[in-house]
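[1] What would the 3D arrangement of this be:
(chains A, B, C and D)
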4 protein chains.
Amino acid sequence: MDRALLISQVGNIFVEKMPFNRFLGISIKELNAESARIELPWQDEFIGNPTQKILHGGVISAVLDNVGGMLAAASIIHKLPDEALNSVPAKLATLGTIDIRTDFLRPGRGEYFIASATLIRSGNKVCVCRMELHNQEGVQIAFGTGTYLVG
Amino acid sequence: MDRALLISQVGNIFVEKMPFNRFLGISIKELNAESARIELPWQDEFIGNPTQKILHGGVISAVLDNVGGMLAAASIIHKLPDEALNSVPAKLATLGTIDIRTDFLRPGRGEYFIASATLIRSGNKVCVCRMELHNQEGVQIAFGTGTYLVG
Amino acid sequence: MDRALLISQVGNIFVEKMPFNRFLGISIKELNAESARIELPWQDEFIGNPTQKILHGGVISAVLDNVGGMLAAASIIHKLPDEALNSVPAKLATLGTIDIRTDFLRPGRGEYFIASATLIRSGNKVCVCRMELHNQEGVQIAFGTGTYLVG
Amino acid sequence: MDRALLISQVGNIFVEKMPFNRFLGISIKELNAESARIELPWQDEFIGNPTQKILHGGVISAVLDNVGGMLAAASIIHKLPDEALNSVPAKLATLGTIDIRTDFLRPGRGEYFIASATLIRSGNKVCVCRMELHNQEGVQIAFGTGTYLVG
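    Numbering: from 1, shown residues only, chains lettered A, B, ... in the order given. Next up is the predicted model:
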């Protein structure tokens, strides 16, 4: 079976089969074994401030966690030997975030936002990703580090 | 002016004047200068898994960030001298999360959830809070550490 | 073979067989599958400030990492079935810190220090510990969260 | 007074006036308001493993904390108005690490190591730095995120 197709199917599961992600309205711009990029369009419901139109920190953490988790999933599929590709659903069922750190750099102001992830540790049991959130003008809003259970 | 009243007004701002928190539907169970406790009722829109009814990690981080931020706000008010209490709105306008770490311990399964916070560092510029999330049966689901700018 | 004896032997490896820990001069006060406690005596070489006699942050992180790692090791031994106890050396060879967060609460001033750890997540592949550092008078100096690979 | 000279003097304080840093034997390769780079030569006393010649995690955290702290100090000096440069000693006396996260990526094996830092948030009260540790062959060993009080 085609690995790239499997990775794209897993991306669709994140976007379409998780109700909270449907609420967020994220879409995938890039997803492969090395990097991931998703887009979050602005919604007034994301506001986390009484007077300013800026993203709630929880929305930021959620988007960073999503993009890191997708990349961790893609890296699992990438490393499986051919004969084990039918174990992807079982492997993904155990995928989970162990811990995540979000650093909030600037107010989350924008029309839409791009969250990206790169893999900095890719083990058999644990992956670590670095994530970034920028708005449509390239202003960096947040930075994250996530540790994912993949074994 | 009454400090306890001010603290309770600030709690209301978090719950009622921030659209994302209205979406979450959180309510305050306790809020004073030492500790804070909020409740999150289950909603299907919070699901962050394709097959299981468990909270999305972003919802968990959001609730932990909220309860820590409320406690940081209450501690600001608690420490202001009487003659400075009218500067509360200005002080709160600069309140913000610098960074947050969430440790996910168990799947977020429950009918409702309690997030609590305690202050572990209370400075003039920075507060650090430890937060916990339990479900209605007392099962601990997550643990957080948040650093807040309060100066 | 006796599990408590094995745990105590592993504690000795941390204290006696790791050169940096010999430099630190730590000793074990308690080590079992639920909690760990070690003591660090003051040394002038630990100073991390040009004018004040306070611990370098790196010494604090090192001691917190040690006490969390010891507890992770003890919990591995505790959970092994009897017939697998001879695999302890192999298991410990793969034990490692994935990530650690240290929150510095107060200047590290004291005659000696106690670092303690409790297990907050105990899985087959990953353990998470919370750690604390107090001085001999019970003043809390730092707080840590560590994620350990144990599988 | 010359800002670059002041920054270089502050670097010397880190390297020469802090006993734990003298123990580490670090030296400065680059230090300005945008980035910092220090070198750590191997010493057997840094070993944190009973059987392998690899760095103790505490040594890694210490070096990352140092390079981030130096950069935070340099950025304070860089932003002070000319007429406030004589307040540098007072400002530096309040400089401190609030929290640090270290992600351990690979065993700390090498002849010498380079720790580098870049500023990702530079405020009046708080700075956030990202740090990396590589060995002499460019293999990345660890990654850090540090929040520093600079106000």
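
[2] switch to C-alpha atoms for all contacts and neighbour counts from now on
    Will do.

[3] wait, A:E39 sits on A:K29?
    Yes - using Cα atoms under 8 Å, A:E39 is in contact with A:K29, at 6.8 Å.

[4] Those two: which is more packed in?
    For A:E39 against A:K29, the residue with the higher neighbour count under other Cα atoms under 10 Å in any protein chain shown is A:E39, and the figures read 23 against 12.

[5] For the more buried one, which non-adjacent residue is spatially closest?
    Using Cα to Cα, 6 or more residues apart in numbering or on different chains and skipping residues adjacent in sequence, the residue nearest A:E39 is A:I114, 4.7 Å away.

[6] Can you check my assumption that A:G151 lies in a strand?
    No - secondary structure assignment (DSSP: H, G, I helix; E, B strand; the rest coil) places A:G151 in coil, not in a strand.

[7] who are the neighbours in contact with the closest residue to it other than its chain neighbours?
    Distance criterion Cα to Cα, 6+ apart; nearest residue to A:G151, sequence neighbours excluded, is A:K125 at 3.9 Å. Shown here is A:K125, whose contacts under the criterion Cα atoms under 8 Å, 6 or more residues apart in numbering or on different chains are A:149-151, C:125, C:151.

[8] Between the residues you listed, identify the one with the most neighbours.
    Neighbours here are counted as other Cα under 10 Å. On that basis the top member of the contacts of A:K125 is A:V150, with 24 neighbours.

[9] What pLDDT does the model give that residue?
    For A:V150, the pLDDT comes out at 92.

[10] Touching, it and A:S75? I think so.
    No - using Cα under 8 Å, A:V150 makes no contact with A:S75, being 9.1 Å away.

[11] pretty sure A:M131 is touching A:I120, no?
    No - assessed by Cα under 8 Å, A:M131 is found out of contact with A:I120, at 10.2 Å.

[12] of the two, who's got more company?
    In this view A:M131 and A:I120 are compared by other Cα under 10 Å, and A:M131 has more residues nearby, 26 against 20.

[13] Look at that one and tell me its secondary structure.
    Per three-state DSSP, the local secondary structure of A:M131 is strand.

[14] Compute the inter-axis angle for the helix or strand where A:D65 lies and helix B:57-79.
    Under the assignment given by DSSP states H and E, the secondary-structure element containing A:D65 is helix A:57-79. Here helix A:57-79 points in a direction 150 degrees away from that of helix B:57-79 (axes from the mean of the first three to the mean of the last three Cα atoms, to 10 degrees).

[15] Is chain B within reach of helix A:57-79?
    Yes - judged by Cα under 8 Å from any Cα of the partner chain, helix A:57-79 comes into contact with chain B through A:57-59, A:61-63, A:65.

[16] Run the chain-centre distance for that helix.
    Computed by Cα atoms, centre = their mean, to the nearest Å, the separation of helix A:57-79 from the middle of its chain amounts to 3 Å.

[17] same question, stretch A:14-29
    Relative to its chain's centre, stretch A:14-29 lies at 10 Å (Cα atoms, centre = their mean).

[18] dump the residue contacts of A:I54.
    The contact partners of A:I54, taken as Cα under 8 Å, 6+ apart, are A:46-48, A:107-110.

[19] Quick check: it vs A:A93, distance?
    With distances taken as Cα to Cα, to the nearest Å, A:I54 is found 34 Å from A:A93.

[20] How many residues are close by A:T51?
    Going by other Cα under 10 Å, the residues that sit close to A:T51 add up to 10.

[21] And it, how close does it get to B:K17?
    Between A:T51 and B:K17 the distance is 8 Å, computed by Cα to Cα.

[22] Report the contact partners of the residue positioned nearest the centre of chain A.
    The centre of chain A sits closest to A:V67, judged by Cα atoms, centre = their mean, with a distance of 1.0 Å. With contacts defined as Cα under 8 Å, 6+ apart, A:V67 is in contact with A:36-38, A:115-117, A:131.

[23] picking that back up, make a markdown table out of the residues of helix A:57-79 next to chain B and add neighbour count.
    Output for those, formatted as a markdown table (neighbours: other Cα atoms under 10 Å in any protein chain shown):
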| residue | neighbour count |
| --- | --- |
| A:G57 | 30 |
| A:G58 | 24 |
| A:V59 | 22 |
| A:S61 | 29 |
| A:A62 | 23 |
| A:V63 | 26 |
| A:D65 | 31 |
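
[24] Which members of the residues you listed are the farthest-apart pair?
    In the residues of helix A:57-79 next to chain B, two members sit farther apart than any others by Cα to Cα. They are A:G57 and A:D65, at 12.1 Å.

[25] Near chain C, which residues of chain A? Just list them.
    The interface of chain A toward chain C, taken as Cα under 8 Å from any Cα, is made up of A:125, A:151.

[26] which residue does chain A bring closest to chain C?
    Of all residues in chain A, A:K125 sits closest to chain C, with a separation of 7.0 Å (Cα to the nearest Cα).

[27] and A:I98, what does it touch?
    For A:I98, the residues meeting the contact criterion (Cα under 8 Å, 6+ apart) are A:146-149, B:103-105.

[28] Can you verify my assumption that A:F143 contacts A:R106?
    No - between A:F143 and A:R106 there is no contact under Cα under 8 Å: 10.1 Å.

[29] which parts of chain A sit against chain D?
    By the criterion of Cα under 8 Å from any Cα, the positions of chain A lying close to chain D are A:105, A:120-121.

[30] Mind doing that once more with 7 Å?
    A:105, A:121 (Cα under 7 Å from any Cα of the partner chain).

[31] for the worst-scoring helix or strand of chain A on mean pLDDT, packing partners?
    Lowest by mean pLDDT, DSSP states H and E among the helices and strands of chain A is helix A:88-94, with a mean of 84. If contacts are counted by 3 or more Cα pairs under 7 Å, 6 or more residues apart in numbering or on different chains; DSSP states H and E, helix A:88-94 sits against no helix or strand.
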